[in-house]
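A.B. asks: Okay, here's the prediction I keep looking at, along with the sequence it came from:
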Amino acid sequence: MRAAVLTGVRQMEVREVPDPVIERDTDVLLKIEKVGVCGSDVHYYETGRIGSQVVQFPFIVGHECAATVAKVGPGVKHVKVGQEVVVEPAVSCHACEQCNQGRENTCFNLRFLGTPGQGEGCLSEYLVMPEECCLPTEGRISIEQGVLCEPLAIAVYAVKQSKPPEDADVAMLGAGPIGLSCMVSAQAEGVRACYLTEKIDERVETAGEGGATWVGNPLKEEVVAAILKQQPLGMDVVYECAGQQETIDQAVELLKPGGKLMLIGIPREDRISFAIDKIRRKEITIINVRRQNACTQAAIDLLASGRGSVDFMVTHRFGLEQTRDAFELVAGYRDGVVKAMIQM
């Protein structure tokens with residue numbers, strides 16, 4: 001089969017690689033239909049690492065995908081050949097201390113698609129996954145919506161963890177796929193207002209079209225002052241989705257006393273800092289969000305219910321042979337890209 005393979009830092013090529021095979025009774029062979037390019041994939045492309053996770057080249061990345069079931073193992077009971085499925089990228093052990101506490105997202109034995117040392121990714125024509133990771137859509141959502149269930153599931157989990165009060169005012173700093181997904185998820189939970197910030201003009205426009213209460217560009221205005229002018233008491237929750245020191249500082253300024261700061265963006269630096277006097281006096285709660293923790297089905301159900309839409313996020317489409325072009329586009333934040341989709 002063909003796969004888009006990282007061969008070095010900022011090097012990628014389409015190669016013939018061995019076909020995956022069913023090894024366990026509960027394995028499912030998937031024909032990958034579409035793959036979304038995620039910011040973490042681009043981190044590996046640009047630097048060959050995320051923190052302590054270092055790529056050993058050659059390596060296949062990718063973890064946002066939807067597929068058609070091509071073959072099933074003899075023990076598979078709930079997935080059938082020909083079904084369209086959303087792929088849950090995390091494979092937990094269900095036996096360790098973390099799993100037993102309902103924290104499968106921090107499983108001590110976790111294997112995640114496209115992660116060095118855990119498993120290669122889905123930027124290939126076929127993939128084998130356990131049955132539990134194959135969630136049938138039953139025709140309720142499209143293939144592209146299925147791909148977007150991965151980032152949306154992270155947002156569903158983030159909003160669930162933040163527990164916004166009724167009629168909350170919230171902000172998302174960074175209007176990429178995660179920030180926009182947080183907006184969609186928060187709106188579905190009934191928050192009163194969503195304020196977004198974004199440096200890329202095209203994304204500012206996209207956020208507005210997606211239903212943001214207000215969107216501002218920090219390169220053109222003082223976004224903290226602009227938001228607090230409209231909401232003098234501050235935000236109940238801020239979802240930091242850019243992974244930047246600047247946005248972390250802005251989040252602290254925006255939050256009201258007793259507010260929650262949700263850290264979702266992945267910083268490229270090894271360390272970040274907080275204005276301790278401000279977060280102490282405001283008694284701000286800081287919560288790290290680690291992936292989606294069993295919220296993929298909830299994301300599917302959200303889209304199928306019509307309470308939220310993610311279609312507006314897909315701005316660019318590429319074929320498999322153009323995968324490197326897609327990664328370069330996303331890495332450079334060019335042409336107003338929000339979500340680039342690879343058609344397999």
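C.D. replies: Nice, I can see it. Since the model is a prediction, treat every value here as computed from it, not as a measurement.
A.B. asks: State which helix of this protein is the longest.
C.D. replies: What stands out as the longest helix in the chain, according to DSSP state H, is helix 143-162.
A.B. asks: Return the set of buried residues in the helix or strand immediately after that helix in the chain.
C.D. replies: Following helix 143-162 in sequence order, the next helix or strand is strand 169-173 (DSSP states H and E). With burial defined by 16 or more other Cβ atoms under 10 Å, the residues of strand 169-173 counted as buried are 169-173. Heads up, the C-betas are built off the backbone N, CA and C, glycines and all.
A.B. asks: and what of stretch 208-222?
C.D. replies: 210, 212-216, 218.
A.B. asks: how long is it end to end?
C.D. replies: End-to-end distance for stretch 208-222: 18 Å, by Cα to Cα, to the nearest Å.
A.B. asks: what residues does that stretch touch?
C.D. replies: Identification of contacts with stretch 208-222 by Cβ atoms under 8 Å, 6 or more residues apart in numbering yields 175, 180, 183-184, 187, 193-199, 201, 204, 207, 223, 226-227, 230, 246, 250, 309, 312-313.
A.B. asks: Not counting the helix or strand hosting Ile287 itself, show me its contacts.
C.D. replies: Assigned by DSSP H and E, Ile287 belongs to strand 285-288. Applying Cβ under 8 Å, 6+ apart, the contact partners of strand 285-288 are 161-162, 258-263, 274, 279.
A.B. asks: Backbone dihedrals for Ala4, please?
C.D. replies: Here is the backbone geometry of Ala4 (degrees, to the nearest 10): phi -90, psi 120.
A.B. asks: from what I can see it touches Asp325, true?
C.D. replies: No - the criterion here is Cβ atoms under 8 Å, and Ala4 misses it with Asp325 at 10.8 Å.
A.B. asks: between these two, which one's more packed in?
C.D. replies: Set side by side, Ala4 and Asp325 show more neighbours around Ala4, with 26 against 14, by other Cβ atoms under 10 Å.
A.B. asks: Looking at strand pairing, list the partners for the more buried one.
C.D. replies: Val14 (DSSP bridges).
A.B. asks: Of the contacts of stretch 208-222, which belong to strands?
C.D. replies: Members of the contacts of stretch 208-222 lying in strands (criterion: DSSP state E): 193-197.
A.B. asks: State the pLDDT value of the spatially most central residue of the chain.
C.D. replies: Nearest residue to the geometric centre of the chain (Cα atoms, centre = their mean): Pro151, 2.8 Å. For Pro151, the pLDDT comes out at 96.
A.B. asks: State the distance from it to Gly39.
C.D. replies: Separation of Pro151 from Gly39 (Cβ to Cβ, to the nearest Å): 9 Å.
A.B. asks: before we move on, back to that, mean confidence score for the strand holding Ile287?
C.D. replies: Averaging the model's pLDDT scores along strand 285-288 yields 97.
A.B. asks: That one: partners in the sheet, and parallel or antiparallel?
C.D. replies: Partner strands and pairing direction for strand 285-288 (DSSP bridges) are strand 255-263 (parallel).
A.B. asks: which residues sit against the strand it pairs with?
C.D. replies: 158, 161-163, 233-240, 248, 251-252, 279, 281-289.
A.B. asks: For PyMOL, what selects the buried ones among the residues you listed?
C.D. replies: Per 16+ other Cβ under 10 Å, the buried members of the contacts of strand 255-263 correspond to this PyMOL selection:
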select buried, resi 158+161+162+234+235+236+237+238+239+240+248+251+252+279+282+284+289
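A.B. asks: wait, is Ala67 part of a helix?
C.D. replies: No - counting by DSSP: H, G, I helix; E, B strand; the rest coil, Ala67 is not found in a helix; it is strand.
A.B. asks: Contacts only, for it.
C.D. replies: By Cβ under 8 Å, 6+ apart, the neighbours of Ala67 are 30-33, 84-85, 87, 127, 134.
A.B. asks: Report the two of the residues you listed separated the most.
C.D. replies: Glu84 and Leu127 (14.3 Å; Cβ to Cβ).
A.B. asks: Can you list the low-confidence ranges for the stretch 101-250 of the chain?
C.D. replies: The stretch 101-250 of the chain contains no residues with pLDDT under 70.
A.B. asks: Distance-wise, check Leu329 relative to Trp214.
C.D. replies: For Leu329, the distance to Trp214 equals 28 Å [Cβ to Cβ].
A.B. asks: do the same with Ile248
C.D. replies: Ile248 is 20 Å from Trp214, by Cβ to Cβ.
A.B. asks: same check, this time on Val72
C.D. replies: 48 Å.
A.B. asks: Check Glu246 too.
C.D. replies: 19 Å.
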